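Peer 1: sequence below, structure please.
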Amino acid sequence: MKRVYNFSAGPATLPEEVLKEAADEMLDFQGTGMSVMEMSHRSKAFDKIIKDAEQDLRDLMGIPDNYKVLFLQGGAHLQFAMVPMNFMKNGVADYIVTGNWAKRAWKEASKFGKANCVASSEDRNFSYIPDCSDLPIDDDADYVYICQNNTIYGTQFHTLPNTKGKTLVADVSSCFLSEPVEVEKYGMLYGGVQKNIGPAGVVIAIIREDLITEDVYPNTPTMLQYKTHADKESLYNTPPAYGIYICGKVFKWLKKMGGLSAIKERNEKKASLLYDFLDGSSLFKGTAEKDSRSYMNVDFVTGDKELDAEFVKEAEAAGLAGLKGHRSVGGMRASIYNAMSVEGVEALVKFMKEFEKRHSK
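Peer 2: Sure thing, here's the model as predicted:
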């Protein structure tokens, strides 16, 4: 069996150990005689799967008891609407727009109330994180919203914004579980798991209990109310059971790896290998400003679109998959999530050096 180094932005690489465990249990999960894909979400076997997954996530993140953990569906995009529908009590919210997904969330929120863009980096194609130390926060704002890591543009908040006492809501899809986090600093954080935790189809939302109320936007559908899912412990309807099962295995893998402090150290090592090469390269150039660089998504270009395309094609042939950049930035993007090994990044840097040598003028 030949496995490539998968640098895709999502769905993305998963720990090989987890995939092998899932394969071993595909036909018979722990003596039940059936796959997790076949079993009732009301069964004792699945009840243990989802409860163990929640507890392992709580252990990894140090989630306080007054926060609910919800396993939801609909992708992060559905949260763009669910957040304002559930939290816009005063009909006002402030958004920091640092990329496509934050911009979409901001536009979606404007359908439910007054959504202010209090900071943006669109003036330089979202290549940096703006100064958020003294934002013009609206006195009536119910929350301040960020996308913490911008997958497309390769930028990341390394310091949380000063919300001036307002509730912070964060989309953490592409940096979920990549480093320790102080959950208490957020009212809510959520993410689609397909980038750093599991297969597409699951969204994990961690929400402070006092924010989960029946006071929601008028006529909000039952399925779009957080209280619906919190009251039923994510089992109001059939959840994405197999995806939750894989997430649970990834949580256990992260614990085995030493937890979030250990995984942060590994992620920083991978990012440094790549950024150090880019900073000294005569051919390749990183697109994100240095103090805003993401540890998860590294964007780079040669400055020649045809050469970029050649690089992606040759890299694919060399077993380095998923390196084509998003159309908004062009060039290349290496997503080096938790499951990407140091060896994978070393292989990429080696290939880049060889490519540079062949194409240097």
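
Peer 1: which residues does the longest helix along the chain contact?
Peer 2: The single longest helix within the chain, with elements called by DSSP state H, is helix 259-280. Residues outside helix 259-280 that contact it (Cβ atoms under 8 Å, 6 or more residues apart in numbering) are 60-61, 177-181, 254, 257, 284-286, 293-296, 298, 300, 334, 336, 338, 340, 342, 345-346, 348-349, 352-353. No exception for glycine: its C-beta is placed from N, CA and C like everyone else's.

Peer 1: filter the residues you listed down to the ones in strands?
Peer 2: Within the contacts of helix 259-280, residues falling in strands by DSSP state E are K285, G286, V298, F300, A334.

Peer 1: can you report how many residues lie near the nearest residue to the third one once chain neighbours are set aside?
Peer 2: It stands for V298. Among residues not flanking V298 along the chain, A334 sits closest, at 4.7 Å (Cβ to Cβ, 6 or more residues apart in numbering). Using other Cβ atoms under 10 Å, the number of residues around A334 comes to 28.

Peer 1: where does the chain dip in pLDDT?
Peer 2: Applying pLDDT under 70 to the chain picks out residues 1, 361.

Peer 1: could you chop it up by domain?
Peer 2: 5-12+257-359, 21-256 (automatic domain parsing).

Peer 1: on that earlier part again, show me what counts as buried in the longest helix of the chain.
Peer 2: The neighbour-count check on helix 259-280 (16 or more other Cβ atoms under 10 Å) flags 259-260, 263-264, 266-267, 270-271, 273-275, 277-278 as buried.

Peer 1: in contact with A53, which residues?
Peer 2: F71, I244, Y245, C247, G248, F251.

Peer 1: in strands, which of the residues you listed appear?
Peer 2: Checking the contacts of A53 against DSSP E, those in strands are F71.

Peer 1: wait, which of the contacts of A53 is closest to D308?
Peer 2: C247 (34.2 Å; Cβ to Cβ).

Peer 1: and that closest one, what is it in contact with?
Peer 2: A53, L57, F71, V193, I197, G198, V202, I204.

Peer 1: one step back: show me the contacts for the residue nearest to V298.
Peer 2: F7, L274, N297, V298, F300, L323, V345, L348.

Peer 1: most neighbours among those residues, which one?
Peer 2: Neighbour-wise, the contacts of A334 (other Cβ under 10 Å) top out at N297, 29 neighbours.

Peer 1: ok, that residue touching A9?
Peer 2: Yes - N297 lies in contact with A9 (Cβ atoms under 8 Å); the separation is 6.4 Å.

Peer 1: any common contacting residues for these two?
Peer 2: With Cβ under 8 Å, 6+ apart, N297 and A9 have common neighbours T151, I152, S174, R333, S335.

Peer 1: of these, closest to L211?
Peer 2: S174 (23.4 Å).

Peer 1: that closest one: what's it in contact with?
Peer 2: Per Cβ under 8 Å, 6+ apart, neighbours of S174: 9-10, 149-151, 191, 195-196, 294, 296-297, 335, 337.

Peer 1: dump the residues you listed to CSV, plus distance to P240.
Peer 2: Below are the contacts of S174 laid out as CSV (distance: Cβ to Cβ, whole Å):
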residue, distance to P240
A9, 20
G10, 16
N149, 23
N150, 25
T151, 21
G191, 14
K195, 16
N196, 16
S294, 27
M296, 23
N297, 24
S335, 22
Y337, 20
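
Peer 1: which of those sits closest to C132?
Peer 2: N150 (13.9 Å).

Peer 1: residues in contact with the closest one?
Peer 2: T98, G99, N100, W101, A102, F126, Q156, S174, S294, N297.
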